[in-house]
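[1] 3D model of this:
(one chain, ligands or ions: 1)
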Amino acid sequence: MITLYQYEPAFGLPNASPFCMKLETWLRMAGLPFEAPPVNLRDLGKAPKGKMPYIEDGGKTFADSTLIIEHLKLAYGDRLDGWLSAEQQAVALAFQRLIEENLYWALLHTRWAEPAGWAQTRVAFFAKMPLPLKWLVPTLARRGLLKQMHGHGMGRHSEAEIHAIGQRDITALSDFLGDKPYFMGNEPCSLDATAYAFLANLIGPPVESALKQHALTFAPLPAYCQRMRSRYYPDAAV
Ligand SMILES: N[C@@H](CCC(=O)N[C@@H](CS)C(=O)NCC(=O)O)C(=O)O
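    Residues are numbered from 1 along each chain as shown. Below is the predicted model:
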């Protein structure tokens, strides 16, 4: 049995970490059984690369959602992407990178840097912590995230520049999705695990950001999230 280690649900989403939600969605899409014991922020120290998600499978530990998916494809077969041509795989990879390596950092800015987003994030992620952790951990976590954003480069831009960068990515996603049911056509593939996880994290939480407002101007994006949710999380309330 695959054991998935990820954050607890927050913001009314299966997971408020888009990378955790990506992997759980992918497991559901591939139909691979898994268990997900409760893990909290303090267990991050056990993660092999210091980030969530990670898994245990066959007595071994694997970290990083993309590397985990590569392992699972080798171990259990490629159940989702076999129908993609080499050209389609290249496009899917480019969109995956756009979402995970660029849009993600703009999303982080709305949650951790912008005062209105931080007020929501602080409550959603840390309210259940016991004192005195509840006083200390949010400030330290925020400082760490802001440092990562600066290191990546996104955090060096002005807020207006970050919004414009994220909005261009969102427009590209909506233009490419168009009226297709899934990103690469009539059937879902691994890119949809990423796209759904990140778009739901953008649109779903009560963080009223410029990115969320922009995403909601494109009807295909919320409709797509709804489609994915109904298909893969029929039990979820979000
Ligand atoms: N490339 C990694 C990214 C994972 C990641 O950034 N996880 C975040 C949550 S969304 C995390 O655990 N951050 C904790 C930290 O950086 O301290 C993956 O695909 O799994």
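
[2] from here on, just use CA atoms for contacts and neighbour counts.
    OK.

[3] low-confidence regions, this structure specifically.
    40-43, 237-238 (pLDDT under 70).

[4] can you do 50?
    Along the chain, segments meeting pLDDT under 50 span 238.

[5] so which residues on it come close to the ligand?
    Proximity of the chain to the ligand, by Cα under 6 Å from any ligand atom, involves residues 17-19, 51-53, 64-66.

[6] mind doing that once more with 5 Å?
    Proximity of the chain to the ligand (Cα under 5 Å from any ligand atom) is limited to residues 17, 51-52, 64-65.

[7] what ranges does this protein have for its strands?
    According to DSSP state E, the chain carries its strands in the segments 2-5, 34-35, 54-57, 60-63.

[8] tabulate these (JSON lines), appending distance to Ile99 and mean neighbour count.
    What follows is the strands of the chain, written out as JSON lines (distance: least, Cα to Cα, whole Å; neighbours: other Cα atoms under 10 Å):
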{"stretch": "strand 2-5", "distance to Ile99": "22", "mean neighbour count": "20"}
{"stretch": "strand 34-35", "distance to Ile99": "25", "mean neighbour count": "14"}
{"stretch": "strand 54-57", "distance to Ile99": "20", "mean neighbour count": "20"}
{"stretch": "strand 60-63", "distance to Ile99": "19", "mean neighbour count": "14"}
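
[9] could you identify the most distant pair in the residues of the chain next to the ligand?
    Pairwise distances across the residues of the chain next to the ligand peak at 12.7 Å for Ser17 and Asp64 (criterion: Cα to Cα).

[10] now, among the residues of the chain next to the ligand, which is nearest to Ala36?
    Of all the residues of the chain next to the ligand, Ala36 sits closest to Met52, with 12.4 Å by Cα to Cα.

[11] these two touch, right, the closest one and Gln6?
    Yes. The pair Met52 and Gln6 passes the contact test of Cα atoms under 8 Å, sitting 5.6 Å apart.

[12] which one's more surrounded, the two?
    In this comparison of Met52 against Gln6, neighbours counted by other Cα atoms under 10 Å, the higher total goes to Gln6 at 28 against 24.

[13] apart from its neighbours in sequence, what residue is nearest the more buried one?
    Pro53 (4.8 Å; Cα to Cα, 6 or more residues apart in numbering).

[14] tell me the contacts of that neighbour?
    Pro53 sits next to 4-7, 19-20, 23, 47, 63-65 when contact means Cα atoms under 8 Å, 6 or more residues apart in numbering.

[15] mind running it again at 10 Å?
    Going by Cα atoms under 10 Å, 6 or more residues apart in numbering, Pro53 touches 4-7, 17-24, 44, 47, 62-65, 68.

[16] give the buried subset of those residues as a ChimeraX selection command.
    Here is the ChimeraX command that picks out the buried ones among the contacts of Pro53, judged by 16 or more other Cα atoms under 10 Å:
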select :4,5,6,7,17,18,19,20,21,22,23,24,44,47,62,63,64,65,68
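
[17] overlap of the contact sets of Ser17 and Asp64?
    Counting by Cα under 10 Å, 6+ apart, the shared contacts of Ser17 and Asp64 are 52-53.

[18] tell me the domain ranges of this protein?
    2-76, 86-232 (automatic domain parsing).

[19] distance between the ends of the last one?
    Meaning domain 86-232. The stretch domain 86-232 measures 26 Å between its terminal residues, going by Cα to Cα, to the nearest Å.

[20] residues near Pro132, how many?
    Here the neighbour count serves as a burial measure; for Pro132 (other Cα under 10 Å) it reads 8.

[21] tell me the span between the first and last residue of stretch 8-27.
    Between where stretch 8-27 begins and where it ends, there is a gap of 17 Å, by Cα to Cα.

[22] am I right that Phe176 is in contact with Phe183?
    Yes. Counting by Cα atoms under 10 Å, Phe176 sits close enough to Phe183 to count as a contact (7.3 Å).
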